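Chemist: Fold the following and give me the result.
(one chain, ligands or ions: 1)
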Amino acid sequence: MDDASKARKPLSVDARAIMEGLNAEAAPLSIWLRTQANAPAQRPWFHDTGAEGAGVMSAGRVGAGQMKAVPHLWKWREISPYLEKISRIASEADVPPVEFADRQQFLLTNPGLGGRLQVSASIRCAVSVYNPGDLAKAHLHSPNASRTILSQNGGYTNVEGERCEAARGDLILTPNGTWHDHGNDGTSPVMWIDTLDWPLMEFLDVIWLDEEFPGKAGNARAQSADKSAGFSQALYGRGGLKPAFTGHQRGIGKNVSPMFQYRGADTRAALGALRSQTGDPFEGISLEFVNPANGGPVFPTLGFGAQMIRAGEETALKRETSSTVYVCLEGRGQTEIGGKTFDWEENDIFVAPNFLWRRHVNKGAKDAVLYTMTDKPLLEKIGQYRAQGMAAGKVTQIG
Ligand SMILES: [Fe+2]
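Modeler: Predicted structure coming up:
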């Protein structure tokens, strides 16, 4: 209990009854009379040095409607059979996948958020499967979205006329305001993770979606590729070189990356090339996917990264005000979050919500690779990003 809570005396029975009576009387006016029974929503995380979870909600009316994301891990071997099950239902029902309605995917729900379709306060994640012949028609929307490809090969996303052929480890962006369609014209199913800032946009009431793609011959289900294959790589694929002959606006999105595809093979090669560096005590060898036009995050709301936790590596405890979703692309290891240990292996997905101490451990003989999705860029913009590290019980401010 914090000092402020200790100082607060409970209401007398009489006072409580009077307040409840007043509130009953005032309810038709849609107002509620605040009492001292309501503490701030969360205790001050920056004083707390224990590895247990911080951010416990207060009691009382103010806290009653609030929910907090909890750390959680979705085991691939437990969730992936449902892709097959929904695929079978879809194929038997002859229903093509259409985004948001009956596309073949399941959404991940954080157990702390009461069934909401989100893994953290601002992030939505889904796992999608596209079988040969599947096609999600062209559309455009205000939320920013991404695909992290789990299948080895197969499937594609067209974004603003660029056909992005999917391969494992690729990050394919469909920024706000870009026309995109997905499909699989190969011979085997393709699976990927969709990550969106949808809950934030919903909260701000700025969700909109357009499904009337103005193709050359009128409304079209899919875009034809009017860019050369590998357009993103040709334009931005060599770090440190920014094309000077062209603008960097694609689609009508604001503050988003004009590079739509980041190749998994390139990312893995970059991690491998940096393996012998000291790295970060909290994150190992870590890379950030950036907007090549300005070096900033790919979306104003979401950041994406890749990190290698090397064989035998144990990182130090860190916590941030941002939340991070992880997916294991390679190897296996453990992450301790808020005093709980989560064992992960390939394709497992887990979330470290804000305020919780975390660290990564790789006791194996092989390097492990994690991809990350975080709302850190958003929190930095609104002046709410903080990070702390802990070593030998001592807390230091690191961000
Ligand atoms: Fe979409």
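
Chemist: need the strands for the stretch 201-350 of the chain, in chain order.
Modeler: 209-210, 214-215, 218-219, 261-262, 285-289, 303-309, 317-320, 324-330, 333-337, 340-344, 349-352 (DSSP state E, counting those that start in this stretch).

Chemist: Let's have those strands in CSV, adding mean neighbour count.
Modeler: The way it works is simple: take the backbone N, C-alpha and C, and place the C-beta from them, glycine included. Listed next are the strands of the stretch 201-350 of the chain as CSV, based on neighbours: other Cβ atoms under 10 Å:
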stretch, mean neighbour count
strand 209-210, 12
strand 214-215, 12
strand 218-219, 10
strand 261-262, 26
strand 285-289, 20
strand 303-309, 24
strand 317-320, 22
strand 324-330, 23
strand 333-337, 22
strand 340-344, 16
strand 349-352, 25
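
Chemist: Comparing those by mean pLDDT, which bottoms out?
Modeler: Ranked by mean pLDDT, the strands of the stretch 201-350 of the chain end with strand 218-219 at the bottom, a mean of 54.

Chemist: Domain map for this structure?
Modeler: Listed domain ranges for the chain are 3-64, 72-397 (source: automatic domain parsing).

Chemist: so can I have TSV of the strands of the stretch 201-350 of the chain showing distance to L173?
Modeler: TSV is the format used below for those (distance: least, Cβ to Cβ, whole Å):
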stretch	distance to L173
strand 209-210	17
strand 214-215	22
strand 218-219	24
strand 261-262	7
strand 285-289	9
strand 303-309	8
strand 317-320	23
strand 324-330	16
strand 333-337	26
strand 340-344	25
strand 349-352	19
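
Chemist: Out of those, the one nearest M390 is which?
Modeler: strand 317-320 (4.2 Å; Cβ to Cβ).

Chemist: how far does that closest one sit from the chain's center?
Modeler: Mean C-alpha position of strand 317-320 versus that of the full chain (Cα atoms, centre = their mean, to the nearest Å) differs by 17 Å.

Chemist: just stretch 141-156 next, same as before
Modeler: Using Cα atoms, centre = their mean, the distance from the centre of stretch 141-156 to the centre of the chain it belongs to is 13 Å.

Chemist: That stretch: which residues count as buried?
Modeler: Of the residues in stretch 141-156, those buried by neighbour count under the rule 16 or more other Cβ atoms under 10 Å are 141-151, 154-156.

Chemist: Only the C-alpha atoms, please, for that stretch, written as PDB.
Modeler: The C-alpha coordinates for stretch 141-156 follow below in PDB (Å, rounded to 0.1, in the frame of the first residue of the first chain):
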ATOM      1  CA  HIS A 141      -8.500   1.800 -43.400                       C
ATOM      2  CA  SER A 142      -7.400   4.200 -40.800                       C
ATOM      3  CA  PRO A 143      -5.700   1.700 -38.400                       C
ATOM      4  CA  ASN A 144      -2.100   0.800 -39.100                       C
ATOM      5  CA  ALA A 145      -1.500  -2.900 -39.700                       C
ATOM      6  CA  SER A 146       1.300  -5.300 -40.300                       C
ATOM      7  CA  ARG A 147       1.900  -8.900 -41.100                       C
ATOM      8  CA  THR A 148       4.700 -11.000 -39.500                       C
ATOM      9  CA  ILE A 149       5.100 -14.000 -41.700                       C
ATOM     10  CA  LEU A 150       5.300 -17.400 -40.100                       C
ATOM     11  CA  SER A 151       5.100 -19.700 -43.100                       C
ATOM     12  CA  GLN A 152       8.300 -20.500 -45.000                       C
ATOM     13  CA  ASN A 153       6.800 -19.300 -48.300                       C
ATOM     14  CA  GLY A 154       3.500 -18.600 -50.100                       C
ATOM     15  CA  GLY A 155       0.900 -15.900 -50.000                       C
ATOM     16  CA  TYR A 156       1.200 -12.300 -50.800                       C
END
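
Chemist: all numbers from here: first residue = 57
Modeler: OK, 57 is where the count begins now, so the last one is stretch 197-212.

Chemist: Q440 against T377, yeah?
Modeler: Yes: the pair Q440 / T377 is scored as a contact, 5.6 Å apart, by Cβ atoms under 8 Å.

Chemist: Between those two, point out the one with more neighbours.
Modeler: T377 (18 against 12; other Cβ atoms under 10 Å).

Chemist: and the gap between that one and P137?
Modeler: 36 Å (Cβ to Cβ, to the nearest Å).

Chemist: same deal with K437?
Modeler: Separation of K437 from P137 (Cβ to Cβ) stands at 40 Å.

Chemist: Comparing the two, which shows the higher neighbour count?
Modeler: Each of K437 and P137 has its neighbours counted (other Cβ under 10 Å); K437 has more, 13 against 10.

Chemist: Now do the contacts for the closest residue to that one other than its chain neighbours.
Modeler: Of all residues not flanking K437 in the chain, P356 sits nearest, at 6.5 Å (Cβ to Cβ, 6 or more residues apart in numbering). Applying Cβ atoms under 8 Å, 6 or more residues apart in numbering, we find P356 in contact with 200, 310-312, 433-434, 437.

Chemist: likewise I135?
Modeler: I135 makes contacts with 162, 183, as judged by Cβ under 8 Å, 6+ apart.
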